[in-house]
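A.B. asks: would you be able to build a 3D model of this:
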Amino acid sequence: MPTEDLFAAGREEAARAQAPLPARMRPRELSEVVGQQHLLSEGAAFRSMVEMGKLTSLILWGPPGSGKTTLARLISRSTGAHFEQLSATNAGVKDVREVLARAAQRLGEGRGRTVLFLDEIHRFSKSQQDALLPGVEDGVVILVGATTENPFFEVNSPLISRATVFRTEPLAPEEIADLVERAASDTMRGIGMPIDEDAREALAQRVGGDARLALNALEMAATIAEGKGSPVVTEECVAEALQRRIIRYDRTGDRHYDIISAFIKSMRGSDPDAAVYWLQTMIEAGEDPKFVARRMVIFASEDVGLADPSALEVALNAFRAVEVVGLPEANYALTHATLHLALAPKSNSVALAIRAGAEAVQGGAPGEVPAHLRSGATAGEKAMGIGVGYVYPHDAPAGVVPQQYLPDGHESLIVYRPRRVGDETEVAERVRRIDAILGKPERSVPP
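C.D. replies: Numbers count the residues shown, from 1 in each chain. Here you go, the predicted model:
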């Protein structure tokens, strides 16, 4: 190893000794990494690429504390490449160009390749991302971008087309527990203080799969234990360190859309427990309650519809409660509405009717309004047959008369197909009787 590398390694070790616990416990080789087995198991594409030294630019996409920075450093270490790190929050085009210039010089002098780790790459502007392109395209640097957001939306197409995307996942509670135990028992890099089983389990369950948060909380809990004269980290120390459960949530990011999706799908699947769980996740994380209430209003028509006509009223009342009362009290109304919608019979006939009606309208030239349905307000119009021949339905015993309401050529159009669930069963029977009078074709039940 060159002398300059020895000095650099020594400085790195000295800095690591004073660093926070997550930095001290950072794995030094792939075998030390906890979790991400889909990337690191034998034969996995990511592991094979690193072990064979056949590196290409890549993007690591995953939640905070899932090991993106660690994997980037291990890529560099395992291949002997020089490691450069930039953060998109404070780096600009000038910084990128300087890194590329140093990397080109290093490559030209035969000192090997450079891994450029760009944290939070989704925060880079288009011009900043464009500045990276020449170095990535020419192989001057191996770009490793890290992002918590969907890179297919947030990273420029030319850049993402030159990179392989790998997804990192939150650590499972048992993986967090293993990591915490390692850090507790390690007297060199860890805290060197035992943690009892209940405390370890509590920490594993309360950090949402975030390894960095778990280790930071462990270090704080150890400090609290030491201050209390306790020889062991207890569950009480962990609770004090965390203060409250940290919910990983970003109101503008993927997690925001994932959780509202889980909420809607849980109500659609008629699981009240899951629906309330995801609702409270959003409430605890500070989601805008009006956003949640608006989605419930949509759901009431899209997924419940005429199977329970009261669902829309319940959802609208919940939205009104949010406006009038606000949180935290409006949580009662939101939960009330969530339970009602989750337990209501489900019908998507309204959504299907919208789709079928739109397809019919878009499928050709707009149909002309039949003459007898037009507004014939003047004598001249009536003389032309406009508004003439319309039969007033209230004059018929059943309130329905056999009369054409659709444009010529569309007389047999069917867009609404009632489901025989909940209250819509009665609606379906009523529609059947009306169709018989109007001469409509039989409506098939939607699939």
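
A.B. asks: contacts and neighbour counts: CA atoms only from here.
C.D. replies: Noted.

A.B. asks: gap between Val93 and Ala293?
C.D. replies: 42 Å (C-alpha to C-alpha, to the nearest Å).

A.B. asks: neighbour-wise, which of these two wins?
C.D. replies: For Val93 and Ala293, the more surrounded residue by other C-alpha atoms under 10 Å is Ala293, and the numbers stand at 24 against 15.

A.B. asks: I'd guessed Ala177 sits against Val207; true?
C.D. replies: No. In this structure Ala177 lies outside contact range of Val207 using C-alpha atoms under 8 Å: 10.7 Å.

A.B. asks: out of those two, which sits in the more crowded spot?
C.D. replies: Val207 (25 against 22).

A.B. asks: hang on, the more buried one packs against Leu218?
C.D. replies: No. Between Val207 and Leu218 there is no contact, the gap being 10.9 Å when judged by C-alpha under 8 Å.

A.B. asks: quick one: common contacting residues for those two?
C.D. replies: Common contacts of Val207 and Leu218, defined by C-alpha atoms under 8 Å, 6 or more residues apart in numbering, are absent altogether.

A.B. asks: so, low pLDDT: which residues of the stretch 101-250 of the chain?
C.D. replies: Across the stretch 101-250 of the chain, the stretches falling below the confidence threshold (pLDDT under 70) are 244-250.

A.B. asks: can you give me the helices for it?
C.D. replies: If DSSP state H, counting those that start in this stretch is used as the criterion, the helices of the stretch 101-250 of the chain fall at 126-137, 151-154, 157-160, 173-185, 197-206, 211-227, 235-242.

A.B. asks: tally of neighbours for Val427?
C.D. replies: Residue neighbour count, defined by other C-alpha under 10 Å, stands at 16 for Val427.

A.B. asks: which residue packs closest to Ala330, ignoring adjacent ones?
C.D. replies: On the basis of C-alpha to C-alpha, 6 or more residues apart in numbering, the spatially nearest residue to Ala330 that is not a chain neighbour turns out to be Val322, at 5.2 Å.

A.B. asks: name the helix or strand for the one you found, please.
C.D. replies: Taking DSSP states H and E as the criterion, Val322 maps to helix 310-324.

A.B. asks: chain center to stretch 342-358: distance?
C.D. replies: 25 Å (C-alpha atoms, centre = their mean, to the nearest Å).

A.B. asks: do me a favour and get the end-to-end distance for it?
C.D. replies: 28 Å.

A.B. asks: who's in contact with it?
C.D. replies: Residues beyond stretch 342-358 that count as contacts (C-alpha under 8 Å, 6+ apart) turn out to be 266-272, 275, 301-308, 311, 414-419, 421-422, 446.

A.B. asks: ok, the residue nearest to Ala330 touching Lys290?
C.D. replies: Yes. Checked against C-alpha under 8 Å, the pair Val322 and Lys290 is within contact range at 6.7 Å.

A.B. asks: what about these two, which has more around it?
C.D. replies: In this view Val322 and Lys290 are compared by other C-alpha under 10 Å, and Val322 has more residues nearby, 23 against 17.

A.B. asks: check the more buried one and give its pLDDT.
C.D. replies: We note a pLDDT of 91 for Val322 in this prediction.

A.B. asks: just to be sure, Gly387 is in a helix?
C.D. replies: No. When classified by DSSP: H, G, I helix; E, B strand; the rest coil, Gly387 is found to be coil rather than part of a helix.

A.B. asks: flag every buried residue along the helix holding Val322.
C.D. replies: Burial within helix 310-324, assessed by neighbour count using 16 or more other C-alpha atoms under 10 Å, is assigned to 310-312, 314-322.

A.B. asks: same list (the residues you listed) but as JSON lines, adding distance to Gly62.
C.D. replies: Output for these, formatted as JSON lines (distance: C-alpha to C-alpha, whole Å):
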{"residue": "Ser310", "distance to Gly62": "41"}
{"residue": "Ala311", "distance to Gly62": "37"}
{"residue": "Leu312", "distance to Gly62": "37"}
{"residue": "Val314", "distance to Gly62": "37"}
{"residue": "Ala315", "distance to Gly62": "34"}
{"residue": "Leu316", "distance to Gly62": "36"}
{"residue": "Asn317", "distance to Gly62": "38"}
{"residue": "Ala318", "distance to Gly62": "34"}
{"residue": "Phe319", "distance to Gly62": "33"}
{"residue": "Arg320", "distance to Gly62": "37"}
{"residue": "Ala321", "distance to Gly62": "36"}
{"residue": "Val322", "distance to Gly62": "33"}
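
A.B. asks: go through those residues and name the one nearest Ala428.
C.D. replies: Among the buried residues of helix 310-324, Ser310 lies closest to Ala428 (C-alpha to C-alpha), at 17.1 Å.

A.B. asks: and the closest one, how far is that from Arg320?
C.D. replies: The spacing between Ser310 and Arg320, counted by C-alpha to C-alpha, is 15 Å.

A.B. asks: against Leu55, how distant is the residue nearest to Leu107 when sequence neighbours are not counted?
C.D. replies: For Leu107, the nearest residue in space outside its immediate sequence neighbours is Arg113; the separation is 5.8 Å by C-alpha to C-alpha, 6+ apart. When C-alpha to C-alpha is applied, the distance between Arg113 and Leu55 equals 10 Å.

A.B. asks: over to Arg268?
C.D. replies: Taken as C-alpha to C-alpha, the spacing of Arg268 relative to Leu55 amounts to 44 Å.

A.B. asks: more crowded one of the two?
C.D. replies: Applying other C-alpha under 10 Å to Arg268 and Leu55 shows that Arg268 carries more neighbours, namely 23 against 17.

A.B. asks: next up, the contacts around that one.
C.D. replies: Contact analysis of Arg268 by C-alpha under 8 Å, 6+ apart lists 303, 342, 346.

A.B. asks: hmm, back to that, which elements pack onto the helix holding Val322?
C.D. replies: Helix 310-324 is packed against helix 289-299, helix 330-343, with contacts defined by 3 or more C-alpha pairs under 8 Å, 6 or more residues apart in numbering; DSSP states H and E.

A.B. asks: and the closest residue in space to Glu137 that isn't next to it in sequence, what does it touch?
C.D. replies: Excluding its sequence neighbours, the residue lying closest to Glu137 (C-alpha to C-alpha, 6+ apart) is Arg162, at 7.2 Å. With C-alpha under 8 Å, 6+ apart as the criterion, the residues that contact Arg162 are 57, 136-137.

A.B. asks: of those residues, buried ones?
C.D. replies: By neighbour count, with 16+ other C-alpha under 10 Å, the contacts of Arg162 hold 57, 136 as buried.

A.B. asks: thinking again about what came up before, any shared contact partners between Arg113 and Leu55?
C.D. replies: The overlap between the contact sets of Arg113 and Leu55 (C-alpha under 8 Å, 6+ apart) consists of Ile142.
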